[in-house]
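> I'd like to go over a predicted model; first the sequence, then the structure.
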Amino acid sequence: MINFLKQHPLILMLPLAFFLYNLAFENTAIFWYMYTFAMLILMSLAIIFVKIFDELVTWKSLVYGLVFGTLLYGLVAAGFQLLLLTPFNIAGSVKSFLANFAPVTIWHYLLLMFIIVPGEEIFWRGLVQQKFKHYCSTPLAVLASSVLFGLALALGGFWPGAWTGIITGLILGLLYEWKRSLPVIIVSHLVMIVLLFLIFPLAI
């Protein structure tokens, strides 16, 4: 049984991930503590079960990260503008989500930089995506891990954020398969967050 679980860790890891995400989103007052705790656990377990790829030199990782992070921000910003044209109250939904979960202090950004973003990428792209490749083709593995990432984010009750997670997950997942470099997708994720929350926040 133990050997079976070692060979198929997603059987336990995915339920654990959804449990921890739900725990983090359950209480907004302690969200940053619980989400950081969740990422530490998932990242640590992922490192045990999977090899992390880093096949690019540092300067290339930074260049690709900056380019794709900017692209991700552009997609998110464009998607937001399109949703504003619909009858849905997207502005109110985004405002409510940001009030509860957006980073507002320097230590929030430090947690994002050193624990949360690396943890998300190591777990969802490094572990989940790679293990799904044992059962299906690479494109399906990228899609499955991205959808599951979006569903985990949906536990926060913010469906636009869930769709954003799926779309960014697809792009980051394909980027990881293309460049075989975890730093590239971490930098891309961080650039998107810095642009989204600090430099060019959405006009609500």
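Now that the structure is in, tell me what you want to look at. Numbering: from 1, shown residues only.

> Would you quantify the distance from the closest residue to G169 other than its chain neighbours to N3?
Spatial nearest neighbour of G169, excluding adjacent residues (Cβ to Cβ, 6 or more residues apart in numbering): S146 at 3.2 Å. The C-beta positions use only the backbone N, C-alpha and C, and glycine is treated the same way. According to Cβ to Cβ, to the nearest Å, S146 stands 29 Å off from N3.

> So which bits of the biggest helix by length in the chain are buried?
Longest helix in the chain, counting residues (DSSP state H): helix 58-83. Neighbour counts using 16 or more other Cβ atoms under 10 Å place S61, Y64, G65, F68, G69, L71, L72, Y73, V76, A77, F80, L83 of helix 58-83 among the buried residues.

> the bottom helix or strand of this structure by mean pLDDT?
helix 2-7 (a mean of 74; mean pLDDT, DSSP states H and E).

> show me what contacts the nearest residue in space to R125 that is not next to it in sequence?
Distances taken as Cβ to Cβ, 6+ apart place Y176 nearest to R125, at 4.8 Å, with adjacent residues excluded. Y176 makes contact with F53, E121, R125, G126, Q129, L182, V184, I185, according to Cβ atoms under 8 Å, 6 or more residues apart in numbering.

> pLDDT score for Y176?
Per-residue pLDDT puts Y176 at 97.

> Could you do the one 4 residues further on as well?
If you check R180, the pLDDT there is 94.

> With S137 instead?
96.

> for V94, same thing?
Note for V94: predicted pLDDT of 87.

> circling back to that earlier point, which SSE is immediately downstream of the least confident helix or strand of the chain?
Next along the chain after helix 2-7, taking DSSP states H and E as the criterion, comes helix 10-26.

> Can you check what angle separates the next helix or strand after that following helix from helix 10-26?
Using DSSP H and E, the helix or strand that follows helix 10-26 towards the C-terminus is helix 31-49. Counting by axes from the mean of the first three to the mean of the last three Cα atoms, to 10 degrees, helix 31-49 points 170 degrees away from the direction of helix 10-26.

> can you confirm the residue nearest to R125 is in a strand?
No - counting by DSSP: H, G, I helix; E, B strand; the rest coil, Y176 is not part of a strand but helix.

> change the start of the numbering to 629 and stick with it
Renumbered: residue one is now 629, and that last one reads Y804.

> Distance-wise, check the residue nearest to the spatial centre of the chain relative to S774.
Geometric centre of the chain, nearest residue: E748, 4.9 Å, by Cα atoms, centre = their mean. Distance from E748 to S774, counting by Cβ to Cβ: 12 Å.
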